[in-house]
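Enquirer: Predicted model, plus sequence, below.
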Amino acid sequence: MSDIAIGMGISKRTLYEIFNDKDELLEHCIFAHAERTDRELASITEKSDNVIDTLLHLHSKLLSATWYMARSVVHDMRKYHRPLYDRLEARQHQKISSFIPLFEKGVRQGLIRNDIPFEILLFLLKRQFKTLMEDENLPTDRYPLSDCVNAMTLTFIRGIATSKGNNRIDEIIDNKLI
């Protein structure tokens, strides 16, 4: 709290007048960031007509966000701030279901496969992200986390895309639009 107060140019006492303790400050910061991210993702989703473009744009946003999310933060939250971690997990579980209308739109556009239940796809996607942030065996000593996120996300999108969707992915990658 001292370091934060100094960084903000305020007294520690002033900081404690705003936030009761470290947990409250951490919760405020995490949920403020999550709400800002939700607004950005909603804006991306609303502006795009093509679901593959939308998914890849969301992917590039996720990739840039990865640089700011240290795996140690997730580890520390899970270990030292378990109630907050659990609430964040519940929030993410609720938010990930917002992808279902996007997948349905992609099916109507002929870009997303309809032979795998979306609930299963979302479960797998969530587990993959959880693995990226929590698995100690991830080869981050040889590859940056961004490469791991890139490989996981592109594999997922390619796996749910139709051949028409994969052609669009190739076009976007070939033209370096992401």
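Expert: All right, it came through fine.
Enquirer: longest helix of this structure?
Expert: Once the chain is assigned using DSSP state H, the helix that runs over the most residues is helix 22-47.
Enquirer: Report the buried residues of it.
Expert: Of the residues in helix 22-47, those scored as buried under the neighbour-count criterion (16 or more other CB atoms under 10 Å) are 25-27, 30, 41, 44-45. To be clear about C-beta, it is placed using only N, CA and C from the backbone, and glycine gets the same treatment.
Enquirer: Pipe the residues you listed into a markdown table and attach distance to residue 153 per row.
Expert: Putting the buried residues of helix 22-47 into a markdown table (distance: CB to CB, whole Å) gives the following:
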| residue | distance to residue 153 |
| --- | --- |
| 25 | 31 |
| 26 | 27 |
| 27 | 28 |
| 30 | 22 |
| 41 | 14 |
| 44 | 14 |
| 45 | 16 |
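Enquirer: can you name the two of those that are farthest apart?
Expert: Comparing every pair within the buried residues of helix 22-47 by CB to CB identifies 25 and 45 as the most remote, at 30.6 Å.
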